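Undergrad: Kindly return the folded structure for what I paste below:
(chains A and B)
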Amino acid sequence: MTDIAVPHDLWDDGREAAISVWLYADGDPVEAGAVIAEIMVEKTSYELVAPSTGRLAILVAADEAVAKGQVIGRVD
Amino acid sequence: MTEALVARVARAIAASSRLSSSDLVPRAEAVDRDRELLDDLISGALPSGFVRLWRQQRCIVVPGHFARRPGFEEAARRSADRGWPVRVRISGGTAVAQHPGILNISLFRCGGPDMQQAYSTLVSLIACALGQFGLAVTAGPIVGASCDGRFNLCWRGRKLAGTAAALRIRGGRYFTLVHASLAIEADLAEDLAAVAAFETELGMEVAYRIDAHGSVRCALDAADHLPLRSAGRQANALRL
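TA: This is a model prediction of the structure:
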């Protein structure tokens, strides 16, 4: 099981970010390195990639606010 | 007249950038090239600091997550029926009108995750160019502007250009596209109406003000626009 976390250094202040989209559904198989989600901070779009191969478990839904370092999903 | 002014502004921006290419023939798929060039930057085929100047045929461009909203297909179809087809870009923000009166400037760079620096670099580049035309611009948000943000290029309270970015992390390295859409000459009411109609049909609440927007042509036509000033002073004024 591998956590999918928002990187600590994606933005440099306390601004609110949100998951703009999950590109896979909860329970879908994903491969390590695949782009699985996008995070939006202001008008900058960041891609998140799967840290390992397995099944995606989504812990935070799209459009929800997220913080730096927050675990938003897992690959089981 | 639009063509000549676009060409002049593009030349001024290109002259201030180390590496650039101009692709000013408006194309339907022009926006897609940014995605390819960001991939080239990641693979090492494109040097950091590269600037692309380009134009798009008339359409509305939206960030990728818009395309996954419920009702997107229908809203896009209706927009196309009104003469505004919808295309997807890789950077963030909201919907933006595109047509040959809009000059797009895309900066590709490798470096750290400091997006403020990336935005500032692009904004300063454009401000230097506009300074050569005697336009003193600032960076900041504009209440009532569509696709608003901290790094708009503004002239007397009107948004001349919006900016947005995409960041990719590969192997611990950061690759950035930061992009601006500069209104050179436009029917601003028509542009704003097209964006507002599309976003409303997508279920968004919009409250845009026409007087929050402007164009380079409008600014130059203002009888009292500031006399020519040095690009260096413009850059210093915009350092964020």
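
Undergrad: Can you tell me how far residue B:216 is from residue B:198?
TA: According to CB to CB, to the nearest Å, residue B:216 and residue B:198 sit 24 Å apart. Backbone N, C-alpha and C define where each C-beta goes, glycine included.

Undergrad: Just say helix, strand or coil for the residue lying farthest from the centre of chain A.
TA: The outermost residue of chain A relative to its centre, with distances by CA atoms, centre = their mean, is residue A:13 at 18.6 Å. Classification of residue A:13 using DSSP: H, G, I helix; E, B strand; the rest coil returns coil.

Undergrad: what residues does chain B put near chain A?
TA: Residues of chain B found near chain A, taking CB under 8 Å from any CB of the partner chain as the criterion, are B:63-65, B:68, B:90-93, B:112-116, B:147, B:149-151, B:162-169.

Undergrad: Now, these that are in strands?
TA: By the criterion of DSSP state E, membership of the residues of chain B next to chain A in strands covers B:63, B:162-169.

Undergrad: And for residue B:99, the neighbour number?
TA: Residue B:99 has 21 neighbouring residues, counting by other CB atoms under 10 Å in any protein chain shown.

Undergrad: meant to ask about residue B:197, not that
TA: Quick note: residue B:197 (other CB under 10 Å) scores 18 neighbours.

Undergrad: With the one 3 residues further on instead?
TA: Counted with other CB under 10 Å, the burial measure for residue B:200 works out to 12 neighbours.

Undergrad: Could I get the full set of strands for the chain?
TA: Picked chain A for this. Under DSSP E, chain A gives strands at A:2-5, A:17-22, A:29-30, A:35-41, A:44-49, A:54-58, A:65-66, A:71-75.

Undergrad: Chain B was what I was after
TA: Using DSSP E, strands in chain B cover B:19-27, B:50-56, B:59-63, B:86-89, B:96-98, B:102-111, B:138-139, B:153-155, B:158-170, B:173-183.

Undergrad: mean pLDDT lowest for which of the ones you listed?
TA: Comparing mean pLDDT across these, the weakest is strand B:19-27, with a mean of 88.

Undergrad: can you redo the strands of chain A as a markdown table with mean neighbour count, distance to residue B:193 and mean pLDDT?
TA: Conversion of the strands of chain A to a markdown table gives the following (neighbours: other CB atoms under 10 Å in any protein chain shown; distance: least, CB to CB, whole Å; pLDDT from 0 to 100):
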| stretch | mean neighbour count | distance to residue B:193 | mean pLDDT |
| --- | --- | --- | --- |
| strand A:2-5 | 17 | 41 | 94 |
| strand A:17-22 | 20 | 26 | 90 |
| strand A:29-30 | 16 | 41 | 97 |
| strand A:35-41 | 22 | 25 | 92 |
| strand A:44-49 | 22 | 26 | 91 |
| strand A:54-58 | 17 | 37 | 97 |
| strand A:65-66 | 15 | 31 | 91 |
| strand A:71-75 | 19 | 37 | 96 |
